[in-house]
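Visitor: take this sequence and fold it.
(one chain, ligands or ions: 1)
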Amino acid sequence: MKTATRTTSPYPDQKPGTSGLRKKVKVFRQPNYLENFVQSVFDVLGDAAGKTLVLGGDGRYFNREALQTIVKIAVANGVGKLLIGQGGLLSTPAASCVIRKYKAHGGFILSASHNPGGPEEDFGIKYNVSNGGPAPENFTNAVYARSLDIAEYRIAELPDIDLDKIGVTQIDAVAIEIIDPVADYAELMGHLFDFPLISQALKAGSITLCFDAMHAITGPYARRILEEKLGASAGSVINAIPKEDFGGGHPDPNLVHAHVLAERMYGSSAPTLGAASDGDGDRNMVMGSRFFVTPSDSLAVLAANAHLLPGYKAGLRGVARSMPTSQAVDRVARAMGIDVYETPTGWKFFGNLLDDKRITLCGEESFGTGSDHVREKDGLWAVLFWLNLIAIKKQSVSEIVRDHWRRFGRDYYSRHDYEGIETARADGLIENLRSQLAELPGKTFGDYTVSYADDFRYVDPVDGSVSEKQGIRIGFENGSRIVFRLSGTGTEGATLRIYVERYERDPERHGQDTQEALADLIALARNLSQVHERSGLDKPTVIT
Ligand code: G16
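Guide: Residues are numbered from 1 along each chain as shown. As a prediction, this is how the structure comes out:
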């Protein structure tokens with residue numbers, strides 16, 4: 001096998017965001033754009049000789065083409081073995097599972113998550129390290145620095161490999177193995193949950209299910225596990241075939257984009273559980289009949305009940321949530337006497353806490369929940385968790401959540417997104433908020449007196465690393481909060497996210513409409529940020 005060293009010049013825009021490098025396909029298609037980024041990762045990794053790497057993606061447009069390039073660069077950089085999901089497919093949690101199970105050095109995951117796919121849409125790539133989780137910031141910063149002065153990359157002169165045939169191909173000293181993308185993950189799920197109990201309930205029809213795979217990666221996983229292994233009736237998984245453009249949809253599991261599911265769940269014969277996952281299978285949305293579970297509440301309910309499930313019967317070590325996620329899980333942790341950690345947005349921040357055995361469960365408002373079983377959030381895992389819980393409690397989703405509120409109180413919570421703002425205007429809005437921070441504490445706005453106002457700064461308790469400017473927090477004396485931050489996953493312009501939450505202990509007041517319950521806080525958030533004047537938008541583009 002021949003390898004070549006080719007000269008290249010740097011691109012200035014390869015700084016990874018919240019979760020890897022996400023750009024339009026057209027950007028990735030520029031000469032050497034992908035090659036530069038992948039070689040930069042290898043340069044930071046150092047000696048890759050003999051190491052095993054895992055490769056796979058969510059099957060979106062450009063997935064196969066990019067994989068062929070990555071294989072050739074990996075081979076030229078001396079890896080010993082590549083494990084690749086058949087068809088180039090691996091959900092993000094399954095990639096994490098495979099990296100851990102086979103003790104790989106790391107892996108490349110190709111996805112732009114919930115962003116749309118297609119020639120005019122988005123693509124993404126990220127590197128995960130040997131614990132199966134996204135590379136930490138010091139690694140991604142080093143990759144970015146390298147990408148700014150890269151001058152050459154190495155590539156093997158090979159024909160394209162057959163991504164569809166399971167088995168091993170040996171190319172000189174390198175073994176390239178195409179693996180079943182579902183098998184290892186399905187086996188792991190069988191250890192965590194009571195499959196016989198879930199199966200009994202599904203086969204008896206006492207639990208019915210609609211899982212919307214949104215034409216994305218989770219389709220094959222959900223079909224195999226929910227329908228074939230557990231016996232959910234055929235057709236319980238909808239939009240199950242992954243498509244390069246997600247059927248023209250937006251594979252983001254929320255009430256706006258998973259509207260087929262939402263309509264079914266608000267219809268007359270809704271199943272017991274409704275769920276959806278995103279492009280790469282790490283997000284989840286959970287619904288009951290005429291009932292939407294906020295991701296923050298889902299995390300709190302899972303934490304309060306985890307000990308009932310086989311994989312978690314020893315109890316939880318601790319829990320963590322991203323800063324903008326509601327404080328519902330904090331109340332559970334306090335009642336259980338375990339630690340709760342508040343981290344910046346981004347799953348990578350949970351990695352150290354999990355590895356250091358400080359936490360067992362973690363989650364984010366952005367439809368992500370997970371545990372120490374892998375180092376990514378895990379959509380189907382959350383759905384299986386809920387199925388298992390329903391089978392044990394023999395209650396509906398809404399009954400389980402309402403019981404939870406009665407015990408711990410309810411955290412009314414909502415996120416308002418303003419998408420496609422001109423970047424300079426969005427930066428100006430955040431700067432303006434920053435300039436108010438010093439004078440806000442002590443001020444009263446109606447029922448709300450500010451107790452603290454800051455720009456969130458995180459010191460990782462395990463390695464002491466510091467992450468600055470992770471979002472503006474305004475906390476009130478009654479426990480309510482407003483948070484402002486700019487998204488780190490978009491590919492065009494800026495997206496402002498405004499998160500609002502208010503705690504209500506009184507069960508008599510748990511039946512309010514969320515937007516009404518939060519109306520005062522939402523108005524205050526708009527006033528403080530002058531969002532409409534500064535963004536040029538007269539209302540949010542998405543409300544969840
Ligand atoms: C990624 C990260 C998550 C984060 C989410 C939203 O999820 O892994 O940790 O919460 O982005 O980030 P932002 O608010 O910056 O857009 P995913 O599912 O897109 O990989």
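Visitor: so is the closest residue to K393 other than its chain neighbours in a helix, a strand, or just coil?
Guide: Once flanking residues are discounted, K393 sits nearest to I400: 6.0 Å by C-beta to C-beta, 6 or more residues apart in numbering. In this view, the C-beta of every residue, glycine as well, is placed from N, C-alpha and C. What DSSP: H, G, I helix; E, B strand; the rest coil gives for I400 is helix.
Visitor: host element of whichever residue of the stretch 101-250 of the chain sits closest to the ligand?
Guide: In the stretch 101-250 of the chain, the residue that lies nearest the ligand is S113 (3.3 Å; C-beta to the nearest ligand atom). Assigned by DSSP states H and E, S113 falls within no helix or strand.
Visitor: for the closest residue to the ligand within the stretch 301-450 of the chain, list the residues it contacts.
Guide: Residue nearest to the ligand within the stretch 301-450 of the chain (C-beta to the nearest ligand atom): S366, separated by 3.7 Å. Counting by C-beta atoms under 8 Å, 6 or more residues apart in numbering, S366 makes contact with 283, 295, 322, 345.
Visitor: for E365, see how far away the nearest residue to T489 once chain neighbours are set aside is.
Guide: Once flanking residues are discounted, T489 sits nearest to T18: 4.9 Å by C-beta to C-beta, 6+ apart. The spacing between T18 and E365, counted by C-beta to C-beta, to the nearest Å, is 13 Å.
Visitor: ok, the residue nearest to T489 touching G488?
Guide: Yes - at 3.3 Å, T18 and G488 qualify as touching, with contact defined as C-beta atoms under 8 Å.
Visitor: which parts of the protein sit against the ligand?
Guide: Selection of the chain residues close to the ligand by C-beta under 6 Å from any ligand atom yields 18-19, 113-114, 278, 282-283, 322, 345-347, 364, 366, 368, 487-489, 497.
Visitor: okay, and which of the contacts of S366 map to helices?
Guide: Counting by DSSP state H, the contacts of S366 place P295 in helices.
Visitor: take the contacts of S366 and write them to TSV, including pLDDT.
Guide: Below are the contacts of S366 laid out as TSV (pLDDT from 0 to 100):
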residue	pLDDT
R283	96
P295	97
S322	98
T345	96
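Visitor: who's in contact with G88?
Guide: Each residue near G88 by C-beta under 8 Å, 6+ apart is listed here: 55-57, 59, 63-64, 67, 110, 163.
Visitor: let's have these in CSV, adding neighbour count.
Guide: Below are the contacts of G88 laid out as CSV (neighbours: other C-beta atoms under 10 Å):
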residue, neighbour count
L55, 24
G56, 30
G57, 31
G59, 29
N63, 22
R64, 18
L67, 24
L110, 29
L163, 20
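Visitor: closest one of those residues to S147?
Guide: L110 (17.3 Å; C-beta to C-beta).
Visitor: quickly list what the residue nearest to that closest one when sequence neighbours are not counted is bridged to.
Guide: Once flanking residues are discounted, L110 sits nearest to G57: 2.9 Å by C-beta to C-beta, 6+ apart. Beta bridges link G57 to L89, L110 when assigned by DSSP bridges.
Visitor: mind listing what G57 touches?
Guide: 63, 66-67, 85, 88-90, 109-111, 280.
Visitor: out of those, who's nearest V462?
Guide: V462 has its nearest neighbour among those in I109, at 23.3 Å by C-beta to C-beta.
Visitor: for that closest one, what are its contacts?
Guide: Here I109 is in contact with 20, 56-57, 90, 92, 95, 125-128, 280 (C-beta under 8 Å, 6+ apart).
Visitor: nearest residue to it in space, please, no chain neighbours.
Guide: Distances taken as C-beta to C-beta, 6+ apart put A95 closest to I109, at 5.0 Å, once the chain neighbours are dropped.
Visitor: thought L53 was touching that neighbour, still the case?
Guide: No - contact criterion C-beta under 8 Å: A95 and L53 do not qualify, at 10.7 Å.
Visitor: these two: which has the busier surroundings?
Guide: Comparing A95 with L53 by other C-beta atoms under 10 Å, the one with more neighbours is A95, at 34 against 25.
Visitor: confirm that the residue of the stretch 301-450 of the chain closest to the ligand sits in a helix.
Guide: No - under three-state DSSP, S366 falls outside any helix and is assigned coil.
Visitor: pLDDT at it, what is it?
Guide: At S366, the pLDDT value in this model is 94.
Visitor: and L163, by the same measure?
Guide: So L163 comes in at 97 (pLDDT).
Visitor: so it, which of the three states?
Guide: coil.
Visitor: my guess is it contacts R64. True?
Guide: Yes - L163 lies in contact with R64 (C-beta under 8 Å); the separation is 6.3 Å.
Visitor: for the helix or strand bottoming out on mean pLDDT in the chain, the distance to its chain's centre please.
Guide: Lowest by mean pLDDT, DSSP states H and E among the helices and strands of the chain is strand 542-543, with a mean of 90. On the basis of C-alpha atoms, centre = their mean, to the nearest Å, strand 542-543 sits 18 Å off its chain's mean C-alpha point.
Visitor: and if you look at stretch 12-21?
Guide: 16 Å.
Visitor: compute the first-to-last residue distance for that stretch.
Guide: 13 Å (C-alpha to C-alpha, to the nearest Å).
Visitor: what's the mean pLDDT across that stretch?
Guide: 91.
Visitor: thinking again about what came up before, quick check, nearest of the contacts of G57 to D506?
Guide: D280 (40.3 Å).
Visitor: next, count neighbours for the closest one.
Guide: With other C-beta under 10 Å as criterion, D280 counts 32.
Visitor: what's the burial count for R407?
Guide: 12.
Visitor: and it, what does it touch?
Guide: Counting by C-beta under 8 Å, 6+ apart, R407 has contacts A304.
Visitor: so after the helix or strand it falls within, what's the next helix or strand?
Guide: According to DSSP H and E, R407 maps onto helix 397-408. Remark: after helix 397-408, the chain's next helix or strand is strand 410-421, criterion DSSP H and E.
Visitor: before we move on, the earlier item: got the contacts of I109 as CSV, with secondary structure columns?
Guide: Below are the contacts of I109 laid out as CSV (three-state DSSP):
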residue, secondary structure
G20, strand
G56, strand
G57, strand
L90, coil
T92, helix
A95, helix
I125, strand
K126, strand
Y127, strand
N128, strand
D280, coil
